[in-house]
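K.L.:
Below is the sequence, then the predicted model.
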Amino acid sequence: MEQKMDVSGFNESSAGMEVNYKRKEELKAFDDSKAGVKGLIDAGVTKVPELFVRPPDELAEEFNSCKANLQVPVIDLGAIGGNDGRKKVVNEIRIASEEWGFFQVVNHGIPFNVLDEMIDGICMFHNQDSEIKKPLYDQKKKVRFESNYDLYNSKSASWRDTLTIYVLAAYQLGPDEIPPVCRYVVL
């Protein structure tokens, strides 16, 4: 049951900002579609819509602030042994989170085949028809499909879709809440 998304309201540009660009209306149309970035592609968009184009001043600022030889922080969970090791790893995570917002974890004990299966499962979720994913397009859900959590606050939208699954005990997530296409691998 494939339903085509109306992309006529999206300005496409490959050469910068258009004078009559109506950002709020385009953001709302994208958000209301609940189809995400893949929905745009499935609907036939051939150029990146204006809402995803980063303003030149933002790009210049980022270019001027980039530092050579940056390396993503790596957290080695193999170093946890003992109380001192745990404190060291927790401190490394704190610093990486505060200064970078992300980090790479090594020696976590998760087999590569499990990681590969998780990637495959999430890809299968995203490759589904938009109509199957739409019920999860709700930021209040514990399992949700979203494209941009900060869509209305950022200068430009991110060209990505995300499946977020909160598995913390506090959320009491039931297995039936996980999409069937990736349920087995997630569990």
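P.N.:
Received the coordinates, thanks. Numbering: from 1, shown residues only.

K.L.:
so what's the residue sitting nearest the centre point of the chain up against?
P.N.:
Closest residue to the average C-alpha location of the chain: residue 162 at 3.9 Å, with CA atoms, centre = their mean. By CB atoms under 8 Å, 6 or more residues apart in numbering, residue 162 lies in contact with 145-147, 149. For the C-beta atoms, the positions are set from N, CA and C on the backbone; glycine is no exception.

K.L.:
Looking at those, which is nearest residue 43?
P.N.:
Proximity of the contacts of residue 162 to residue 43 (CB to CB) peaks at residue 147, which lies at 13.7 Å.

K.L.:
which residue packs closest to that closest one, ignoring adjacent ones?
P.N.:
Excluding its sequence neighbours, the residue lying closest to residue 147 (CB to CB, 6 or more residues apart in numbering) is residue 36, at 4.2 Å.

K.L.:
For the one you found, give its distance to residue 91.
P.N.:
Here residue 36 is placed at a distance of 37 Å from residue 91 (CB to CB, to the nearest Å).

K.L.:
So for those two, which sits in the more crowded spot?
P.N.:
residue 36 (23 against 10; other CB atoms under 10 Å).

K.L.:
thought the more buried one was touching residue 145?
P.N.:
Yes: using CB atoms under 8 Å, residue 36 is in contact with residue 145, at 6.8 Å.

K.L.:
what's the overlap in contacts for those two?
P.N.:
Taking CB under 8 Å, 6+ apart as the criterion, residue 36 and residue 145 both touch 133, 137, 161.

K.L.:
packing partners for the longest helix seen in the chain?
P.N.:
Counting by DSSP state H, the longest helix found in the chain is helix 82-99. Other elements packing on helix 82-99 under the criterion 3 or more CB pairs under 8 Å, 6 or more residues apart in numbering; DSSP states H and E are strand 74-76.

K.L.:
Run a quick neighbour tally on residue 82.
P.N.:
Other residues close to residue 82 by other CB under 10 Å number 9.

K.L.:
List the residues that contact residue 72.
P.N.:
100, 102-104.

K.L.:
domain parsing for the chain?
P.N.:
As assigned by the TED database, the chain contains the domains 14-66+111-185, 68-109.

K.L.:
quick revisit: and the pLDDT at the residue nearest to the centre of the chain?
P.N.:
Note for residue 162: predicted pLDDT of 94.

K.L.:
And it, how far from residue 91?
P.N.:
Per CB to CB, residue 162 is found 29 Å from residue 91.

K.L.:
Residue 146 too?
P.N.:
Residue 146 is 31 Å from residue 91, by CB to CB.

K.L.:
okay, and the helix or strand of this protein with the least pLDDT?
P.N.:
The helix or strand of the chain with the lowest confidence, counting by mean pLDDT, DSSP states H and E, is helix 56-65 at a mean of 77.

K.L.:
All good on my end, thank you.
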